[in-house]
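J.: Provided below are the primary sequence and the corresponding predicted coordinates.
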Amino acid sequence: MSPTFWPNLMTALRIALVPAVLTAAIAGSRTGFVVLVAAALATDALDGFLARWLNAYSEFGRKLDSIADYLTMLTGIAGIALLWPDIMRREIAWVASGLGAFFAVVIYGLVRLGRAPCYHTWANKILAVVTALSLIPLLAEWSAMPFHVAIVLQGIAALEEMTISVLVPSHVGEMPTVWHALRQRRVGRGQPGAG
């Protein structure tokens, strides 16, 4: 069995949870929705851990992970809109800004590189945790400030990804930071026939 099986299985499980998350939201079950989204986020952490532990990286796994991330995010937003409509109405400008930053990266990657980037930057990995944690005080109606900070960080992370897309001459897999992209660009220019 290929070592990529286990991380890809965790990612596939995250995708398989999407209908259950939507069903819980449509049924009006806040508890079910939160539990299922938490399970999906746990598989996100677990697939990355398994990929590193087993050294099981693949282009297919990166793409599958990105698809699972997109679906989880959109399902989460839809569920929040259904279950906490007052909060969604109040925070719609912030939600739209976060989505705009997210999809700007996808669209720019499609135009510039011919495909959506799957860089899995350090900033986005940290942002996934920060955003998930920021939803606790937001949905509990304690404070929207952590969520607002997460959206600002989303904009910064999106700028980094777009900068990486400018720096790399073609699609690459993992690109942890813009510094790594600059280093790769310098190395590429120094090779015969490059540039």
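T.: Yep, it's here.
J.: Packing partners of the one helix or strand His180 maps to?
T.: Under the assignment given by DSSP states H and E, the secondary-structure element containing His180 is helix 178-189. Helices and strands touching helix 178-189, as assessed by 3 or more Cβ pairs under 8 Å, 6 or more residues apart in numbering; DSSP states H and E, comprise helix 145-167. Heads up, the C-betas are built off the backbone N, CA and C, glycines and all.
J.: Name the residue closest to the centre of the protein, please.
T.: Among the residues of the chain, the one closest to the centroid is Asp69, at 4.8 Å (Cα atoms, centre = their mean).
J.: Distance of it relative to Val166?
T.: In this structure, Asp69 lies at 22 Å from Val166, with Cβ to Cβ, to the nearest Å as the measure.
J.: contact partners of the helix or strand bottoming out on mean pLDDT in the chain?
T.: Within the chain, confidence by mean pLDDT, DSSP states H and E is lowest for helix 178-189 among all helices and strands, at a mean of 86. Under the criterion Cβ atoms under 8 Å, 6 or more residues apart in numbering, residues 160, 163-164, 167-169, 172, 175, 194-195 lie in contact with helix 178-189.
J.: which among the residues you listed gets closest to Gly48?
T.: Each of the contacts of helix 178-189 was scored against Gly48 by Cβ to Cβ, and Met175 proved nearest at 15.1 Å.
J.: Go ahead and confirm the closest one touches Ile164.
T.: Yes. At 5.2 Å, Met175 and Ile164 qualify as touching, with contact defined as Cβ atoms under 8 Å.
J.: what is in contact with the two at once?
T.: In terms of Cβ under 8 Å, 6+ apart, Met175 and Ile164 are both contacted by the residues 117, 119, 121, 181.
J.: out of the residues you listed, which is most surrounded?
T.: Ranked by the number of neighbours (other Cβ atoms under 10 Å), those place Tyr119 first, at 27 neighbours.
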